[in-house]
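Enquirer: got a predicted structure here, sequence first:
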Amino acid sequence: MNEATKPVNPEKEAYHREAESRMHTFSYNEPAAMRNVKELVNFVRTPNVRVQVQVVTEGGENNLHYHTNSDGVWMVLRGRAKFYGAGDKLLGELGEHEGIVIPGGARYWFEKVGETDLEIVHSFGWPHAVLEQWRTFRTDAPSLLAEAFRTRTPIWINSFEALSQVYPSAVALPKARAEEAWAALPLVADGRALGALGLGFAGRRHLDDAEREFVVALAALAAQAIVRAHHRRER
């Protein structure tokens, strides 16, 4: 019996069709202008995996670090990079189309080598258990989103160390997602807190006043969109 003549299971067919509706192609374009010595281009992001390109003009990821239970794959598109482990042990020098696998928990750092700007792909996934833990959570949970919802106040965290001091029990997901700075904003409309919006950044990031105003405005627009969606559903 071939696939076309097998009896159709409606639930399984719906499962396949929903997943297939999210298939898409993508392409990568180098940033037109570099504002910093390192720029990130995220071009694939799903609930389970992220693929990004780092364009590095100087340095690299210069601090020894690791990602809990999250395996990562790096591959050089242009330029050269040196990867180091604990004790600055050289793990490898990579040229174009060469890569390295960094298992979850493995400590590493890397740097650009030579005069050519480094373009390097980074792909990683998140542990299923951690994702399930934080897919839904109580409003009194130890998390930035829950506190932003409770207090109706934006929260800005610019380093992993700062997050560890405030919420040491809630660092597993941010570490798995390789984020080092965060913003959490309440979604408030008509005097009611509807939820919270969370933003994560791959490197340490201090948002200036203009950037914070933009994010606050974005949260306000998101809250209004939720209200409009509820009104349409009730009609």
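Expert: Looks like it arrived, so ask away.

Enquirer: can you show me the strands along this protein?
Expert: 38-45, 49-56, 60-65, 72-78, 80-84, 90-94, 99-102, 108-113, 118-125, 155-157, 181-189, 192-201 (DSSP state E).

Enquirer: so which of those gets nearest Val215?
Expert: strand 181-189 (5.6 Å; Cβ to Cβ). Just so you know, the C-beta spots here come from the backbone N, C-alpha and C atoms, and that holds for glycine as well.

Enquirer: which residues are contacting the closest one?
Expert: 144-145, 147-149, 151-159, 163, 174, 193-201, 203-207, 212, 215-216, 219-220, 222-224, 226-227 (Cβ atoms under 8 Å, 6 or more residues apart in numbering).

Enquirer: tell me the strands beside it, with direction?
Expert: Strand 181-189 has the following sheet partners, assigned by DSSP bridges: strand 155-157 (antiparallel), strand 192-201 (antiparallel).

Enquirer: how far away is the closest residue to Val53 other than its chain neighbours from Trp74?
Expert: Nearest residue to Val53 in three dimensions, chain neighbours excluded: Val41, at 4.6 Å (Cβ to Cβ, 6 or more residues apart in numbering). According to Cβ to Cβ, to the nearest Å, Val41 stands 15 Å off from Trp74.

Enquirer: quick one, which of those two is more surrounded?
Expert: A count of neighbours by other Cβ atoms under 10 Å puts Trp74 above the other of Val41 and Trp74, at 22 against 15.

Enquirer: surely the more buried one is in contact with Lys82?
Expert: No - look at Trp74 against Lys82 with Cβ atoms under 8 Å: they stay out of range, at 11.6 Å.

Enquirer: shared neighbours, those two?
Expert: Contacts common to Trp74 and Lys82, judged by Cβ under 8 Å, 6+ apart, are 94, 110.

Enquirer: returning to that earlier point: wait, which of the strands paired with strand 181-189 is closest to Ala106?
Expert: Minimum separation from Ala106 across the strands paired with strand 181-189 (Cβ to Cβ) falls at strand 192-201, 21.6 Å.

Enquirer: could you check the angle the closest one makes with strand 38-45?
Expert: For strand 192-201 against strand 38-45, the angle by axes from the mean of the first three to the mean of the last three Cα atoms, to 10 degrees is 120 degrees.

Enquirer: which residues are contacting strand 192-201?
Expert: Under Cβ under 8 Å, 6+ apart, the answer for strand 192-201 is 144-146, 148-150, 152, 174, 177, 179-188, 215, 218-219, 222-223, 226-227.

Enquirer: go on, stretch 86-94?
Expert: Identification of contacts with stretch 86-94 by Cβ under 8 Å, 6+ apart yields 64, 74-76, 80-85, 98, 100, 107-108, 113.

Enquirer: so how far is the first residue of it from its last?
Expert: 18 Å (Cα to Cα, to the nearest Å).

Enquirer: ditto for stretch 26-39
Expert: 19 Å.

Enquirer: which parts of that stretch are buried?
Expert: Residues 38-39 are the ones in stretch 26-39 that count as buried (16 or more other Cβ atoms under 10 Å).

Enquirer: what's in contact with it?
Expert: 41, 43-44, 53-60, 119, 203.

Enquirer: do that again at 6 Å, thanks
Expert: Here stretch 26-39 makes contact (Cβ atoms under 6 Å, 6 or more residues apart in numbering) with 43-44, 53, 55-58.
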